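K.L.:
Turn this into a model:
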Amino acid sequence: MLYFFLFPSPATLCSKPTIPNNSYIIYPEANQVNYTHGCRVFLSCRDGHYQKGSSVMVCNQTVWLKREFSCIGKFR
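P.N.:
Next up is the predicted model:
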């Protein structure tokens with residue numbers, strides 16, 4: 001007779017993401033330290049800069065899946 005015991009696996013967490021220059025986290029709160037698997041972080045650019053690429057980062061297990069994103073200064 002075989003018995004299988006299912007134990008919940010420990011939560012997989014990503015640490016606070018490294019974000020590009022001249023950007024900031026708009027959701028969830030920027031002061032969060034750990035993010036659970038599947039969590040999405042939304043970025044925005046500081047005033048005077050425009051967004052290039054996708055502004056969403058996703059926690060995948062313990063690493064961030066990043067799309068090409070940068071904040072570029074506007075020419076005057």
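K.L.:
so where do the strands sit in the chain?
P.N.:
Using DSSP state E, the strands of the chain run over 13-15, 23-27, 34-36, 40-45, 49-53, 56-60, 63-65, 69-73.
K.L.:
residues in contact with the longest one?
P.N.:
Looking back up the chat, that one is strand 40-45. For strand 40-45, the external contacting residues (CB atoms under 8 Å, 6 or more residues apart in numbering) are 17, 19-20, 22-28, 35, 51, 55-59, 64, 69, 71. Glycine gets a C-beta too; all of them are placed from N, C-alpha and C.
K.L.:
if we can go back for a sec, mean pLDDT for the strands of the chain - can I get that in JSON lines?
P.N.:
What follows is the strands of the chain, written out as JSON lines (pLDDT from 0 to 100):
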{"stretch": "strand 13-15", "mean pLDDT": "92"}
{"stretch": "strand 23-27", "mean pLDDT": "94"}
{"stretch": "strand 34-36", "mean pLDDT": "92"}
{"stretch": "strand 40-45", "mean pLDDT": "95"}
{"stretch": "strand 49-53", "mean pLDDT": "94"}
{"stretch": "strand 56-60", "mean pLDDT": "95"}
{"stretch": "strand 63-65", "mean pLDDT": "93"}
{"stretch": "strand 69-73", "mean pLDDT": "94"}
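K.L.:
thinking again about what came up before, counting neighbours, which of the contacts of strand 40-45 end up buried?
P.N.:
With neighbours counted by 16 or more other CB atoms under 10 Å, the contacts of strand 40-45 contain buried members at 17, 19-20, 23, 25, 35, 55, 57-59, 64, 69, 71.
K.L.:
So Leu13 sits against Asn60, correct?
P.N.:
No - assessed by CB atoms under 8 Å, Leu13 is found out of contact with Asn60, at 11.4 Å.
K.L.:
hang on, the earlier thing: out of the buried ones among the contacts of strand 40-45, which is nearest to Asp47?
P.N.:
Set against Asp47, the nearest of those by CB to CB is Cys71 (10.3 Å).
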